[in-house]
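Visitor: need a structure here:
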Amino acid sequence: MSGTVRFGLPRTLRIERSSDFRRLRETGRREVSGCLVMNWRAADRLRVGVVTSRKVGPSVDRSRARRLIREAFRLHQHELALPVEIVLVARPSISKVTFADVERDFVRLLNRAKIWLNPNPV
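Guide: Numbers count the residues shown, from 1 in each chain. Reported below is the predicted structural model:
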């Protein structure tokens, strides 16, 4: 299976420590589009973190938001121009949108940050 692109999202790619979230918020760059906020910075390896506050809604809405955000990242992780650490923050409007809307907002964020290889938006 050499040369096969894997679309998994193992735990090793996730940002989990609060100090890492804080460092990215304080030292990283910030982009906003629709239902998402992205804090990011260049790094030695690709990692992602997802934040959904209680402002998003009850736990079922927050869980759905996390799943949608992780799926958008998972599908486009191999299209990033450089290894980066990304924290994606769900805005309250995410509870009223579809996966296509979340994916479109995520791609817009990557385009604005100039870290996406594919120049054509979704």
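Visitor: where does residue 91 fall, phi/psi-wise?
Guide: Torsion angles at residue 91 (phi, psi; degrees, to the nearest 10) stand at phi -90, psi 160.
Visitor: Just the element for residue 63, please.
Guide: Using DSSP states H and E, residue 63 sits in helix 59-76.
Visitor: Just the C-alpha atoms of the following helix or strand past that helix, please, in CSV.
Guide: Moving toward the C-terminus from helix 59-76, the next helix or strand (DSSP H and E) is strand 84-90. What follows is strand 84-90 as a C-alpha-only set of coordinates in CSV (Å, rounded to 0.1, in the frame of the first residue of the first chain):
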residue,chain,number,x,y,z
VAL,A,84,0.7,23.5,10.8
GLU,A,85,-0.9,23.4,14.1
ILE,A,86,-4.6,24.4,13.8
VAL,A,87,-7.2,25.1,16.4
LEU,A,88,-10.7,25.3,15.0
VAL,A,89,-13.3,27.1,17.2
ALA,A,90,-17.0,26.5,16.5
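Visitor: Sheet-wise, list the partners of strand 84-90 with their directions.
Guide: Strand 84-90 sits in its sheet next to strand 36-42 (antiparallel), strand 47-51 (parallel), going by DSSP bridges.
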